[in-house]
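Novice: pasting the sequence and the predicted model now:
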Amino acid sequence: MEELKSIMEKFVASGWDLISVPAQQWLDGKADKDILVSAIKQADEECGSCGCDFDPLYKRALELI
C-alpha cells in the first residue's frame, strides 16, 4: 500500500489533470476505483511508452490497485 501511495503522490505532482486529479482523490480517500483505473489506463495509452519516468508507474499502479 505504501508503494501505491508513493506512485499516487508522483501522479499528483505531475500536474497532468488526467492522472493528478483522480490520484489526489485516491489519496484523500474519495476515489472512485473505476475512474482511477480508467484514468491510469488512458495515461498509459497516451504516454506509456514515451520513455519518461512515469511509463513503468502506470503499469505498476494498475497491478497494485
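Specialist: Arrived safely, thanks for sending.

Novice: now do the longest helix along the chain: which elements does it pack against?
Specialist: Longest helix of the chain, by residue count under DSSP state H: helix 33-47. Counting contacts by 3 or more C-beta pairs under 8 Å, 6 or more residues apart in numbering; DSSP states H and E, helix 33-47 packs against helix 17-27, helix 55-64. All C-beta spots, glycine's among them, are computed from the backbone N, C-alpha and C.

Novice: select, out of the ones you listed, the one closest to residue 4.
Specialist: Ranking these by their distance to residue 4 (criterion: C-beta to C-beta) puts helix 55-64 first, at 4.3 Å.

Novice: and the closest one, what does it pack onto?
Specialist: So helix 55-64, by 3+ C-beta pairs under 8 Å, 6+ apart, packs with helix 2-14, helix 33-47.

Novice: residue contacts, the closest residue in space to residue 43 that isn't next to it in sequence?
Specialist: Spatial nearest neighbour of residue 43, chain neighbours left out: residue 19 (4.8 Å); criterion: C-beta to C-beta, 6 or more residues apart in numbering. Contact analysis of residue 19 by C-beta atoms under 8 Å, 6 or more residues apart in numbering lists 11, 39, 40, 43.

Novice: just among those, which is most surrounded?
Specialist: residue 11 (27 neighbours; other C-beta atoms under 10 Å).

Novice: much appreciated, bye for now.
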